[in-house]
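Chemist: the amino acid sequence is not available; the structure is as follows:
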């Protein structure tokens, strides 16, 4: 009976560990000069294979549907851009553009973020799909 309990608790612990890890996939792509959809914690490679981009953090302060707000809010994100093994921190904003941190030689614009927040429902960053336009300067 004691052995059964030990095995049961080890199985439960293993399940918690397996499902608690952030999943990072590497087979996603984006195209420079065209809009691409990006999700948090997924690694994206440019179609030409020279660059990678990953969003590590998303903040969505947009005014939820069903409320009246003084400020409409914004979507902002932090991530990492890689070229030839060199990593660059990226910070993007839909409204507060003076806080932008973009890779040298590129402009990155958040063109959409869905779903739009709704009053009374929780929205997790993992559920957001961000549409970016990545262009060479």
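Modeler: In hand now; what should we look at? In this text, all values refer to a predicted model and were calculated from it rather than measured experimentally.
Chemist: helix, strand or coil for the residue nearest to residue 63 when sequence neighbours are not counted?
Modeler: If you skip the residues right next to it in sequence, residue 63 has residue 69 as its closest partner in space, 3.5 Å away by C-beta to C-beta, 6 or more residues apart in numbering. Bear in mind the C-beta positions are built from the backbone N, C-alpha and C, glycine included. Secondary structure assignment for residue 69 (DSSP: H, G, I helix; E, B strand; the rest coil): coil.
Chemist: and the gap between the closest residue to residue 71 other than its chain neighbours and residue 118?
Modeler: Spatial nearest neighbour of residue 71, excluding adjacent residues (C-beta to C-beta, 6+ apart): residue 63 at 7.2 Å. From residue 63 over to residue 118 the distance is 11 Å, taken as C-beta to C-beta, to the nearest Å.
Chemist: what do you get for residue 48?
Modeler: In terms of C-beta to C-beta, residue 48 sits 38 Å off from residue 118.
Chemist: show me which of the two is the more surrounded one.
Modeler: residue 118 (12 against 9; other C-beta atoms under 10 Å).
Chemist: got a list of what the residue nearest to the spatial centre of the chain touches?
Modeler: By C-alpha atoms, centre = their mean, the chain has its centre lying nearest to residue 40, at 2.4 Å. Listed by C-beta atoms under 8 Å, 6 or more residues apart in numbering, the contact set of residue 40 reads 55, 56, 57, 58, 77, 125, 126, 128.
Chemist: which one in these is the model shakiest on?
Modeler: Lowest in pLDDT among the contacts of residue 40 is residue 125, which has 79.
Chemist: output the below-cut-off pLDDT ranges for the chain.
Modeler: 1-27 (pLDDT under 70).
Chemist: can you pull out the strands in it?
Modeler: Counting by DSSP state E, the chain has these strands, from start to end: 28-30, 35-38, 43-46, 51-60, 75-83, 86-93, 106-114, 129-136.
Chemist: okay if I get those strands as CSV plus mean neighbour count and distance to residue 100?
Modeler: Below are the strands of the chain laid out as CSV (neighbours: other C-beta atoms under 10 Å; distance: least, C-beta to C-beta, whole Å):
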stretch, mean neighbour count, distance to residue 100
strand 28-30, 16, 18
strand 35-38, 17, 16
strand 43-46, 18, 19
strand 51-60, 19, 14
strand 75-83, 19, 10
strand 86-93, 15, 6
strand 106-114, 16, 8
strand 129-136, 16, 13
